[in-house]
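Asks: Using only what follows, build the 3D model:
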Amino acid sequence: MQLDLQKIRNIGFVAHIDAGKTTTTERVLYYTGRIHRLGEVDEGTATTDWMVQEKERGITITAAATFCQWRDAIINIIDTPGHVDFTAEVERSLRVLDGLVVIFCAVGGVEPQSETVWRQADQYAIPRIAFINKMDRVGASPERVMNQIQKRFKVKPLRLQLPIGIEDSFVGVIDLVGRRKIIWDQDLTGEKYRTEEADGEGFWSAYEELVMTLGELDESVIDEYSDQGYVAEEHLKRVIREGTLRGVWVPVLMGSALKNRGIQPLLDAIVDYLPSPLDVPNPMGVDPRTQEIIERKPTPEEPFSAVIFKVQWDKHIGRLLFTRIYSGKIRVGQKVLNSVTNNVSKVHRIYRIHAKKLETRNNAVAGEIVALVGIRDAKTGDTLCDPDFPILYEGMQFPEPVVNLVIEPRTMADLDKLKAALQDMHFEDPTFRFREDPETGQLVISGMGELHLEIIVDRLKRDFNVEVKIGKPQVNYRETVTTSAETEGTFHREIAGTLHHGKVRVRVSPYSQGEYRLSLPEGLPEELEEALKAAAEEVLSYGPLLGYPVIHVDLAVLDVDTQNATPMGTRVAFLNAVREAFRSAKPVLLEPVMDVEIVVPANYVGNVVSDLGHRGGELVGIEALDQGYQKIKGLVPLKNLFGYITALRSMTQGRGTVWMRLARFAPLPEKEFKEMLSLK
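Replies: Here you go, the predicted structure:
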């Protein structure tokens with residue numbers, strides 16, 4: 001049967017932690033008949049929180065894929081984490097999604113991770129719907145949330161509903177588009193609801209505001225309203241959809257997922273307003289052979305192309321590659337090219353994903369999200385394609401880890417097993433790294449935060465059966481230079497019967513526009529150019545002070561002796577020159593400084609601010625919130641924040657919450673640097 005691409009929705013649920021993403025996903029699956037019993041996050045029974053660690057902590061850790069059907073549309077869903085340590089899970093999901101449902105808490109409003117996710121979605125120009133959840137909570141205020149959306153995101157929130165009741169009296173919504181009340185007041189599971197005709201001054205005022213807003217995009221809406229006093233529902237939906245796809249506005253709906261209210265209208269909005277694969281721009285890539293720009297259409301007739309957006313290890317199956325198919329079709333046994341590694345592999349199995357359950361498929365086509373098995377050496381962001389029609393899509397960029405942990409197996413017999421497990425988890429999670437310290441021989445793992453590494457260690461024990469011992473969390477510092485230095489490096493040696501020669505002159509300087517910049521002379525032979533690029537990556541991985549990665553440097557190759565030069569000789573000469581230049585350019589150690597937001601009751605503000613001062617923090621501001629709470633914003637060195645969540649709970653009797661992310665790398669005070677040197 002031919003798949004109708006116009007009826008497919010590839011969407012994600014995103015939000016700040018505890019805004020109700022997973023609960024909303026659970027209700028969506030229940031009302032669409034995908035599951036037959038409602039699970040709860042707090043009870044550890046939610047469908048998409050299937051990992052043991054998720055069930056125990058009541059949070060989403062990994063992006064989970066599932067699918068369902070509503071009306072005549074197939075909805076592929078990715079439920080993403082809300083915790084900042086797992087932001088990369090959101091980033092890689094956004095790369096392959098066509099639309100988003102951004103969930104806001106009716107009390108908390110636009111919270112820090114909501115802002116992060118929204119900015120990420122802006123980068124990919126993803127159309128989205130806002131769902132204001134927890135309308136039954138004390139302090140719920142949809143007006144405040146919509147004002148925050150407009151103020152912080154500079155976008156028009158398009159009100160499609162009015163609440164019927166608020167807080168504990170919330171029983172339903174008034175659907176402005178359909179001019180009806182939708183009330184859940186009998187059925188506890190929320191499957192049944194009743195409708196009534198909407199009327200009254202409040203309704204018609206909001207209806208007219210909606211019509212006038214839509215009329216700014218399509219004047220025929222106002223003409224129809226003037227002629228007959230209302231606008232046909234399908235006419236309104238058509239204009240709302242057009243404006244949503246163009247990013248003119250963001251439709252806003254509301255409900256209470258936990259109380260099973262408001263989910264069916266949200267499903268209708270997903271089908272009515274979010275894009276199909278045919279409504280988004282055709283994917284663009286390059287031919288890896290010629291670097292010519294290529295466009296693929298999202299149809300089965302085009303050559304096969306896809307992007308791997310997630311790698312997941314399964315103890316029974318091995319490595320599952322979560323893949324968005326952009327064009328063509330794929331079947332079991334078909335050979336595909338990984339245009340990043342240039343390897344050709346055969347697809348052994350194809351699965352349709354429903355959280356941890358996998359449904360075997362013989363084939364898949366453009367517009368679908370599936371899991372593949374059998375592709376060798378594939379990682380997140382790689383492009384898969386037809387070997388006869390190669391294409392390379394843009395990859396993915398991930399933040400660098402900022403927290404380190406020394407780890408070792410309980411017994412040396414498990415060392416190889418531990419390294420293999422760490423390699424598998426690195427393939428799964430690009431923000432997780434591990435290395436062997438060249439001085440101590442210790443294994444050092446690196447991640448985005450304490451929780452991130454805590455989950456890694458727990459998975460080693462449970463999923464990979466490797467018992468480990470760990471040290472205390474450590475900061476993952478960086479190094480940089482503060483002045484310019486120019487040096488020359490040479491190399492002239494016979495190795496294995498071949499004489500290798502190289503002579504390179506370089507200049508290193510501070511660079512504020514990014515991680516680093518490499519400038520090479522024009523006209524270099526290709527093999528020498530490739531050798532220098534590879535050497536640059538190597539020399540930046542180990543700094544001159546304490547061996548931390550080097551950032552914010554400009555590497556300018558001023559001159560290369562090409563006479564009798566070999567790639568190896570040129571590479572070593574470059575390494576020698578840069579290392580000497582680093583030492584001469586007054587290197588400094590940089591520490592990660594975190595952007596911190598703390599929400600506490602007003603009577604605890606003084607203690608929390610005082611504590612931040614003791615931790616070397618800089619107070620940025622204090623903002624009054626509703627319900628007697630205040631938000632404290634600050635900048636604090638990461639090294640002083642280990643264990644802070646526990647300390648905050650103690651200071652606020654468990655009523656304070658904290659969110660943090662990397663703000664920048666700043667020079668470590670000289671006194672602290674000397675203390676570190678003395679401990680080496």
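Asks: can you pull out the helices in the stretch 251-400 of the chain?
Replies: Listed in chain order, the helices of the stretch 251-400 of the chain (DSSP state H, counting those that start in this stretch) span 263-273.
Asks: Also the stretch 51-200 of the chain?
Replies: 52-57, 87-94, 112-123, 142-153.
Asks: Out of these, flag the one nearest residue 527.
Replies: helix 87-94 (34.0 Å; C-beta to C-beta). The C-beta positions use only the backbone N, C-alpha and C, and glycine is treated the same way.
Asks: tell me the angle the closest one makes with helix 112-123.
Replies: Counting by axes from the mean of the first three to the mean of the last three C-alpha atoms, to 10 degrees, helix 87-94 lies at 30 degrees to helix 112-123.
Asks: ok, residues contacting helix 87-94?
Replies: Residues outside helix 87-94 that contact it (C-beta atoms under 8 Å, 6 or more residues apart in numbering) are 12, 14, 61-63, 78, 80-81, 100, 113, 116-117, 120-121, 123-124, 126, 309-310, 380-381, 396, 398-399, 429-431, 448, 661.
Asks: related to what we said a few turns ago, mean pLDDT and mean neighbour count for the helices of the stretch 51-200 of the chain - can I get that in a markdown table?
Replies: As requested, the helices of the stretch 51-200 of the chain are exported to a markdown table (pLDDT from 0 to 100; neighbours: other C-beta atoms under 10 Å):
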| stretch | mean pLDDT | mean neighbour count |
| --- | --- | --- |
| helix 52-57 | 50 | 16 |
| helix 87-94 | 77 | 24 |
| helix 112-123 | 84 | 19 |
| helix 142-153 | 94 | 17 |
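Asks: which one of these lies closest to residue 500?
Replies: helix 87-94 (40.1 Å).
Asks: State the mean pLDDT of stretch 630-648.
Replies: Mean pLDDT, stretch 630-648: 88.
Asks: same thing with stretch 207-218?
Replies: pLDDT averaged over stretch 207-218 gives 96.
Asks: rewinding a little: filter the contacts of helix 87-94 down to the buried ones.
Replies: Taking 16 or more other C-beta atoms under 10 Å as the criterion, what is buried in the contacts of helix 87-94 is 12, 14, 61-63, 78, 80-81, 100, 113, 116-117, 120-121, 126, 309-310, 380-381, 396, 398, 429-431, 448, 661.
Asks: Filter these down to the ones in strands?
Replies: 12, 14, 78, 100, 309, 310, 661 (DSSP state E).
Asks: Name the residues of whatever helix or strand residue 226 lives in that come out as buried.
Replies: Here residue 226 sits within helix 219-228, counting by DSSP states H and E. Residues of helix 219-228 classed as buried: 221, 222, 224, 225 (neighbour count, 16+ other C-beta under 10 Å).
Asks: For residue 478, state which of those residues is nearest.
Replies: For the buried residues of helix 219-228, the nearest to residue 478 is residue 221 (54.4 Å; C-beta to C-beta).
Asks: got a list of what the closest one touches?
Replies: Counting by C-beta under 8 Å, 6+ apart, residue 221 has contacts 211, 214, 215, 231, 235, 236, 239.
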